[in-house]
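Student: Sequence and predicted structure, then a few things I'm wondering about:
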Amino acid sequence: MRVSLFVTCLTDLYFPEVAESVVRVLHRLGIKTDFPSEQTCCGQPALNSGYLDEAAAIARRMIDVFADAETVVTPSGSCCSVVREYFPHLLRNDPVMHRRAEELAAKTFEFTEFLQKKLKVDWSAWDLPYKAVATFHYSCHNRGIGMSIEDILSLIRVFRGLEYRPLEKADQCCGFGGTFAVKFGEISGAMVQDKIACVKATGADTLICNDGGCTLNIIGALHREGVNIRTVHVATMLDQAMKAGNNRHLYARMQGEPASVPARACCCSHEAGAAHHGGRVA
Amino acid sequence: MSVSLPIAGQGASAGHAGAAVDFKHRAADAATNPRIAAIFDRSARMKDDARRLILPELPEPLATRELAATIKRHTLQNLDRYLDQFVTRVREHGGHVHFAADGAQANQIITEIAQAASARLIVKSKSMVSEEIELNHALEAAGFNVLETDLGEYILQLANEKPSHIVTPMAHKPKEEVGELFARKLGIEYSDDPTTLTKAARKVLRDRFFEADMGIIGANFAVADTGTVVIVTNEGNGRFCSSRPRRLVCLMGIEKLIPRMKYLPVFLKLLGKSATGQRITSYTSLISGPRRPGDFDGPEEFHLVLLDNGRTKVLASEYREALRCIRCGACLNACPIYRKIGGHAYDATYPGPIGSVISPLFTSLAQYADLPSACSLCGACLDACPVRIDLPTQLIHLRQDVIKAGHAPLSWKLGFKGWKLGMSSSFLYRMGARMGRVFMKLGARDGWKRKLPATGAIWTRYRDIPTMPKPFHSRWDELQKEIEQENAEG
């Protein structure tokens, strides 16, 4: 399987290390990632603000940029939901582009969704140490792509040494909402203050947050208040844990092997079998 | 007999027209008022949690909601036919049917009914549509004595306040305030015990039901094939209003129809659960016209007032699905913005997500131009809605309408033109990124900025913003080398 990374503008500009981690993690799962260099933004700021013609123009461009991609993976639920839910909607009156939008929608996945629902990685084969007392903010747009809190927690539970503390109002919006944050500053401010109050109340030292928008909002508020809680994307956690754990035998020999090889028809003689391939295949 | 839908009248409806609506300021005041946030956060989440807890009791919660959405969608597609059928049935039952194009007309019709009856006291069951047209004001102006009998509405009537929630109208009022109000207005001893207060209200209301010579109710549903109006309450006041007084008026929006009685259970199952987390509301009353020979109770005269007030306009627009709403209030409870600013900040009959859609549609976009944008598009409302109204998408389209109607600032319009240009070329995008990085370094300390200029200042009012690292697109080649290295080592 070949993956094309849709980095998203916020991740590109503010959280490049998250995108690097995505590429490394996929690589260790035996997946080669390319990066279509023409990509810019999915159009979400315009879409959310009601500038639908502008958003549609950018949607058309995005569809062209990823025309040759086999699978598109992005570390942001909100950008993913724009591609999947709104590209076809924006282009509904243009039959050709609408069909192409549907095609792109069908092959686009958010990172955690891709791991848990598309690849269905069997993490039990991996040693993933990550020492933290962590809580988790559920980014709103995971709703739109069908990733429930429980779906994402299934990935958070794979880490060894991680103590999970549930977050009160975990699925309440952090107040980002793109231009909303500057159109209704006081409401947005009250929302992010509510969010970080809940985060602080957990006593966690780590906040897991898998969307650039929420992260920018939340770390900004944490920093303003001088709260020393680190915010990480699960891609970064996986990247670090894969490297720190005793996994080299799992991924070192993986280069070039297609991820779709069924575990039982394994191409190697390693006795770990499915574990060898990180159980990439369900 | 055929029914032609009246067209919404010209001029102001009796809504909130004329009020200077400055939503942004009210919202900012409310959001920075910890008392409001505390009250609404608690009451809204309590109902939201209750809904989430009880909905899975349905064998197929999502399928049931989809079914309800489908039934409503079908009804709206064929609304003329079902209205026709409904009206015919109601007339067969001996009911009088009136059509009102707007609130003013509806108020006039109901005032005339009251005048013809020489009504001294009118008892009223909770009805949002009567709030929409400010029916009480009209009746009081005509000299009638109107008494709200829903406990929450009764309290608000005593306090001369407006509802802050469509299901629990006094969501904003703590019990201590009610205690003070009752002590002042009813002359009872102060108490903040809800049971004591409820008993005090019941004592007052009960006698009034017997004195009243006219009742007014709304409708939760109207069943076309049987000509039945359905109201659900928890206090039984609706049943009292509809069965005791000699004359009964039912005021309903034309969108309340469902085609057949056999579909009613789908909606009853969803309404109580979605609204308050109850399996079913305490009272479900089905009213099909006036009292018949042999009936123990019921009105001698039954008047049905069908209200348009902007609904046919919505029906003909891309916002039709908003008319599916069964007014359960689940979207209000789920909405993080409603939880922060409460209901009054909207200054609309219908607050919260559904209100941000239908308030501008029922009245005027200019009057409520800010509401569609007052939403972070989190999707919690869509998740909660029992009839699956895609509120976020409706709000996005309304934002476009606001821009097209010229209510958006020019700076934003130009900004997005420039943005589109920048995003249409990776060269311009990357150049912009470089400039942004340089700009973000200016005045930054330890990788953070505490202040941004212009619109950005609103962001930095509540949060800092980090400087921009070397972007991913400039790291790609290095990353490729690193991965090759990792391969080589492996």
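Tutor: Perfect, I can see it now. Residues are numbered from 1 along each chain as shown, chains lettered A, B, ... in the order given.
Student: Helices along the stretch 1-150 of chain B, start to end?
Tutor: In the stretch 1-150 of chain B, the helices defined using DSSP state H, counting those that start in this stretch lie at B:23-31, B:34-54, B:61-77, B:79-92, B:103-116, B:128-132, B:135-141.
Student: If you could redo that for the stretch 51-200 of chain A, that was the one I meant.
Tutor: Listed in chain order, the helices of the stretch 51-200 of chain A (DSSP H, counting those that start in this stretch) span A:52-65, A:77-81, A:87-90, A:95-106, A:111-113, A:149-156, A:180-183, A:185-202.
Student: Just send those helices back as TSV, with mean neighbour count and distance to chain B too.
Tutor: Quick note: C-beta positions are derived from backbone N, CA and C, even for glycine. As requested, the helices of the stretch 51-200 of chain A are exported to TSV (neighbours: other Cβ atoms under 10 Å in any protein chain shown; distance: least, Cβ to the nearest Cβ, whole Å):
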stretch	mean neighbour count	distance to chain B
helix A:52-65	21	4
helix A:77-81	27	8
helix A:87-90	23	7
helix A:95-106	16	15
helix A:111-113	24	14
helix A:149-156	17	12
helix A:180-183	22	4
helix A:185-202	22	3
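Student: a markdown table for the ones you listed, including mean pLDDT?
Tutor: Rendered in a markdown table, the data for these read as follows (pLDDT from 0 to 100):
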| stretch | mean pLDDT |
| --- | --- |
| helix A:52-65 | 98 |
| helix A:77-81 | 96 |
| helix A:87-90 | 98 |
| helix A:95-106 | 98 |
| helix A:111-113 | 98 |
| helix A:149-156 | 96 |
| helix A:180-183 | 96 |
| helix A:185-202 | 98 |
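Student: Tabulate those helices (JSON lines), appending distance to B:S474.
Tutor: Listed next are the helices of the stretch 51-200 of chain A as JSON lines, based on distance: least, Cβ to Cβ, whole Å:
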{"stretch": "helix A:52-65", "distance to B:S474": "18"}
{"stretch": "helix A:77-81", "distance to B:S474": "20"}
{"stretch": "helix A:87-90", "distance to B:S474": "27"}
{"stretch": "helix A:95-106", "distance to B:S474": "26"}
{"stretch": "helix A:111-113", "distance to B:S474": "21"}
{"stretch": "helix A:149-156", "distance to B:S474": "29"}
{"stretch": "helix A:180-183", "distance to B:S474": "27"}
{"stretch": "helix A:185-202", "distance to B:S474": "30"}
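Student: rewinding a little: with chain A as the reference, name the closest of the helices of the stretch 1-150 of chain B.
Tutor: helix B:23-31 (3.9 Å; Cβ to the nearest Cβ).
Student: In the stretch 51-200 of chain A, what residue lies closest to chain B?
Tutor: Residue nearest to chain B within the stretch 51-200 of chain A: A:G177 (2.7 Å; Cβ to the nearest Cβ).
Student: And that residue, how close does it get to A:A201?
Tutor: Plainly put, A:G177 is 23 Å away from A:A201 if you go by Cβ to Cβ, to the nearest Å.
Student: Show me where chain A has its strands.
Tutor: Listed in chain order, the strands of chain A (DSSP state E) span A:2-5, A:32-34, A:71-74, A:108-110, A:129-136, A:160-164, A:206-208, A:230-232.
Student: so the residue of the stretch 51-200 of chain A closest to chain B sits right up against B:G379, yeah?
Tutor: No: judged on Cβ atoms under 8 Å, A:G177 makes no contact with B:G379 at a distance of 10.8 Å.
Student: Between the two, which is the more surrounded one?
Tutor: Using other Cβ atoms under 10 Å in any protein chain shown, the more surrounded residue of A:G177 and B:G379 is A:G177, with 28 against 24.
Student: quick one: contacts for the more buried one?
Tutor: By Cβ atoms under 8 Å, 6 or more residues apart in numbering or on different chains, A:G177 lies in contact with A:N48, A:S188, A:G213, B:C375, B:S376, B:L377, B:C378.
Student: what residues does the stretch 201-350 of chain B put near chain A?
Tutor: Applying Cβ under 8 Å from any Cβ of the partner chain, we find that the stretch 201-350 of chain B lies next to chain A at B:P336, B:I337, B:R339, B:K340, B:I341.
Student: Same list (these) but as JSON lines, adding secondary structure, neighbour count and pLDDT.
Tutor: Putting those into JSON lines (DSSP: H, G, I helix; E, B strand; the rest coil; neighbours: other Cβ atoms under 10 Å in any protein chain shown; pLDDT from 0 to 100) gives the following:
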{"residue": "B:P336", "secondary structure": "helix", "neighbour count": "28", "pLDDT": "98"}
{"residue": "B:I337", "secondary structure": "helix", "neighbour count": "31", "pLDDT": "98"}
{"residue": "B:R339", "secondary structure": "helix", "neighbour count": "28", "pLDDT": "97"}
{"residue": "B:K340", "secondary structure": "helix", "neighbour count": "28", "pLDDT": "97"}
{"residue": "B:I341", "secondary structure": "helix", "neighbour count": "29", "pLDDT": "97"}
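Student: Low-confidence stretches in the stretch 351-490 of chain B?
Tutor: Scanning the stretch 351-490 of chain B for pLDDT under 70 picks out B:490.
Student: For the residue nearest the centre of chain A, list the residues it contacts.
Tutor: Closest to where the C-alpha atoms of chain A average out (Cα atoms, centre = their mean) is A:P75, at 2.9 Å. When contacts are counted by Cβ under 8 Å, 6+ apart, A:P75 touches A:V7, A:T8, A:T11, A:V18, A:A19, A:V22, A:E110, A:F111, A:N210, A:G212, A:H233, A:A235.
Student: Can you check the pLDDT for the third one?
Tutor: The one in question is A:T11. A:T11 carries a pLDDT score of 98 in this model.
Student: Then the second one?
Tutor: The predicted structure scores A:T8 at 97 on the pLDDT scale.
Student: I figured it was touching A:G77, is that so?
Tutor: No: applying Cβ under 8 Å as the test, A:T8 and A:G77 come out as separate, 10.1 Å apart.
Student: Please say whether there is contact between the lowest-mean-pLDDT helix or strand in chain B and chain A.
Tutor: The weakest-scoring helix or strand in chain B, judged by mean pLDDT, DSSP states H and E, is helix B:476-489 (a mean of 91). Yes: under the criterion of Cβ under 8 Å from any Cβ, chain A is reached by helix B:476-489 at B:W476, B:L479, B:I483, B:E486, B:N487, B:E489.
Student: export the helices of the stretch 1-150 of chain B to a markdown table and tack on mean pLDDT and distance to B:F416?
Tutor: As requested, these are exported to a markdown table (pLDDT from 0 to 100; distance: least, Cβ to Cβ, whole Å):
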| stretch | mean pLDDT | distance to B:F416 |
| --- | --- | --- |
| helix B:23-31 | 95 | 20 |
| helix B:34-54 | 96 | 32 |
| helix B:61-77 | 98 | 33 |
| helix B:79-92 | 98 | 37 |
| helix B:103-116 | 98 | 37 |
| helix B:128-132 | 98 | 35 |
| helix B:135-141 | 97 | 42 |
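Student: Quick one: those helices as JSON lines, columns for mean neighbour count and distance to B:H165 too.
Tutor: Below are those laid out as JSON lines (neighbours: other Cβ atoms under 10 Å in any protein chain shown; distance: least, Cβ to Cβ, whole Å):
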{"stretch": "helix B:23-31", "mean neighbour count": "19", "distance to B:H165": "14"}
{"stretch": "helix B:34-54", "mean neighbour count": "18", "distance to B:H165": "8"}
{"stretch": "helix B:61-77", "mean neighbour count": "17", "distance to B:H165": "21"}
{"stretch": "helix B:79-92", "mean neighbour count": "19", "distance to B:H165": "28"}
{"stretch": "helix B:103-116", "mean neighbour count": "20", "distance to B:H165": "21"}
{"stretch": "helix B:128-132", "mean neighbour count": "23", "distance to B:H165": "10"}
{"stretch": "helix B:135-141", "mean neighbour count": "18", "distance to B:H165": "18"}
